[in-house]
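Student: Sequence and predicted model, in that order:
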Amino acid sequence: MNRRTLLRRTAAASVALPLAGCLRSGNDEAGLTVAESTYEEGENGNAVVVATVSNPSGREASGTLYVNTEFDDESYTRVREITLGPNETTVVRVEYDVAYDDVTNASWNTDIVED
């Protein structure tokens, strides 16, 4: 990378970083968050990831919950649309077509992207 390109990118970043988050609609309160997530056996014996999603803000918030799971080297991604009122919390259960007892290695992560 030449010096001019580096300087241009550094200058652009110095302008963009202070503005990060300023374009979000609504007030500056935090929006949707995943408070916790667990892995458990569902009622029918399948693997389930349970995520607790909260909206600690004083405004309604909508977003997309992404649940990325790996069971014994098989990857799965599930997506759920969520809308919560001010200071509301909900539990989202994501069930898989995988028998809980057949899973020897499970990992998962959750992420939420606000609209």
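Tutor: Right, received. Where do you want to start?

Student: going forward, measure contacts between C-alpha atoms and count neighbours the same way
Tutor: Noted.

Student: give me the number of residues near the residue nearest to Glu60 when sequence neighbours are not counted?
Tutor: Among residues not flanking Glu60 along the chain, Gly85 sits closest, at 4.3 Å (C-alpha to C-alpha, 6 or more residues apart in numbering). Around Gly85 sit 15 other residues, with neighbours defined as other C-alpha atoms under 10 Å.

Student: confidence score at Gly85?
Tutor: According to the prediction, Gly85 has pLDDT 97.

Student: Return the distance of it relative to Ser54.
Tutor: With distances defined as C-alpha to C-alpha, to the nearest Å, the gap from Gly85 to Ser54 amounts to 9 Å.

Student: Helices along this structure, start to end?
Tutor: Assigned by DSSP state H, the chain shows helices spanning 3-19.

Student: Poorly predicted segments of it, please.
Tutor: Low-confidence segments of the chain, defined by pLDDT under 70, are located at 1-29.

Student: can you rerun that using 50?
Tutor: The model of the chain has pLDDT under 50 over residues 3-7, 11-13, 15-25.

Student: hey, where'd the strands end up in this structure?
Tutor: Secondary structure of the chain by DSSP state E: the strands cover 33-41, 46-55, 61-71, 74-84, 88-99, 106-114.
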